[in-house]
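Colleague: coords please:
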Amino acid sequence: MKIIASSLLAIGMLLGADMKSGDADAVRQAERAWAQAALKGDVAALGQVLSDDLTYTHGSGRPENKAQYLEAIRSGAQKYEALDYDDVTVRVYGNTAVVNSELHIRTVSSGQLSSSHSRFLHVYVKQGNVWRMVAHQSTRIT
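Modeller: The predicted model follows:
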């Protein structure tokens, strides 16, 4: 009986690890989708990646909700020129995932070119079967 219980526990742990690994891959895919859509200024694609209750906090500390962020992209007030990742770490906690990344970013915001080396913190939540970004926080590395 102990052998069967131990085997079942081991199988359950392996399956859980596989599910977690699959979720981490799906979150990485969502992160790539965000970066590609942001660089292209693709508001429709961004709308699919971002949660309706998004909090997007820029490196300046200025917060935006989903509608404000998408409008800034749509109008051209916010434009991403480059997002070059140095490092990405994904940690999954059930239906929530935390993405830490370091990257070099070039943007044009209200006509002003800005270039920085930054750390990003993205939080994704699995809504149905889709991982959506619910929070963004960037901090410049000085």
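
Colleague: contacts, neighbours, all on C-alpha from now
Modeller: Will do.

Colleague: What residues sit buried inside stretch 80-92?
Modeller: Buried residues in stretch 80-92, counted by 16 or more other C-alpha atoms under 10 Å: 80-83, 85, 90-92.

Colleague: tell me the contacts of the residue nearest to G41 when sequence neighbours are not counted?
Modeller: Once flanking residues are discounted, G41 sits nearest to I73: 6.0 Å by C-alpha to C-alpha, 6 or more residues apart in numbering. I73 makes contacts with 38, 41, 43, 79, as judged by C-alpha atoms under 8 Å, 6 or more residues apart in numbering.

Colleague: okay, stretch 109-118 in PDB with CA atoms only?
Modeller: Taking C-alpha atoms only, stretch 109-118 is exported to PDB below (Å, rounded to 0.1, in the frame of the first residue of the first chain):
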ATOM      1  CA  SER A 109       6.800  59.300 -25.500                       C
ATOM      2  CA  SER A 110       4.900  62.500 -26.400                       C
ATOM      3  CA  GLY A 111       7.600  63.100 -29.000                       C
ATOM      4  CA  GLN A 112      10.600  62.600 -26.700                       C
ATOM      5  CA  LEU A 113      13.000  59.800 -27.500                       C
ATOM      6  CA  SER A 114      14.100  57.900 -24.300                       C
ATOM      7  CA  SER A 115      16.500  55.100 -24.000                       C
ATOM      8  CA  SER A 116      17.200  53.200 -20.800                       C
ATOM      9  CA  HIS A 117      18.400  50.000 -19.200                       C
ATOM     10  CA  SER A 118      15.400  48.800 -17.100                       C
END
